[in-house]
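Trainee: Everything below, folded, please.
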Amino acid sequence: MMEYKGYTAKVEFDDKAEIFHGEVIGIKDVVTFQGRTAKELKKAFRESVDDYLAFCKERGESPDKPFTGKFVVRLSPELHRKIYLSAKFSNESINAWLNEKLSRAVDEELKECGRN
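Mentor: This next block holds a predicted model:
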């Protein structure tokens, strides 16, 4: 994965064409790039993000942001109750309690995958 200006890209290698190609992930718009070497790929990624931001500005549109910090989760009523109680007993809001628990779980998961 690659990151630039808050945008993340997924990269794949096309063995037949002998070229790397990537796509910005986590946004609704399609932003792609390619290169034959890591250096070319990195440059193309940055140029594509910069072009995307310039294009949005030119059109007077807000560029799509990768993450807003909000997401909807559907839980069983029983799990919802347990989370509420755990947060209450910890003297935290549900939001603060979930942030701490999810952060810890994700850090552990990424560490196990070798992707800190």
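Trainee: use CA for all of it now, contacts and neighbours both
Mentor: Noted.
Trainee: Just the element for Asp107, please.
Mentor: Using DSSP states H and E, Asp107 sits within helix 94-113.
Trainee: next one: that helix to chain centre, how far?
Mentor: 15 Å (Cα atoms, centre = their mean, to the nearest Å).
Trainee: Equivalent analysis for stretch 109-116, please.
Mentor: With Cα atoms, centre = their mean, you get 15 Å for stretch 109-116.
Trainee: Repeat that for stretch 71-82.
Mentor: Distance, centroid of stretch 71-82 to centroid of chain: 23 Å (Cα atoms, centre = their mean).
Trainee: what's the answer for stretch 64-78, then?
Mentor: 13 Å.
Trainee: how about the residue nearest in space to the middle of the chain, what does it touch?
Mentor: Nearest to the mean C-alpha position of the chain, counting by Cα atoms, centre = their mean, stands Gly26 at 5.1 Å. The neighbourhood of Gly26, defined by Cα atoms under 8 Å, 6 or more residues apart in numbering, consists of 7-8, 65-67.
Trainee: remind me which residues of the protein are low pLDDT?
Mentor: 116 (pLDDT under 70).
Trainee: Which residues belonging to the longest helix anywhere in the chain are considered buried?
Mentor: As assigned by DSSP state H, the longest helix anywhere in the chain is helix 38-59. Buried positions in helix 38-59, judged by neighbour count with 16 or more other Cα atoms under 10 Å: 41-42, 44-46, 48-49, 52.
Trainee: cool, stretch 19-34 as well?
Mentor: 20-25, 31-34.
Trainee: ok, so of those, who is nearest Asn95?
Mentor: Ile25 (25.7 Å; Cα to Cα).
Trainee: okay but that closest one is in contact with Gly6, surely?
Mentor: No. If you go by Cα atoms under 8 Å, Ile25 and Gly6 don't touch, sitting 10.9 Å apart.
Trainee: Report the set of residues contacting both of these two.
Mentor: Pro66.
Trainee: before we move on, the earlier item: distance between the longest helix of the chain and the chain's centre?
Mentor: 17 Å.
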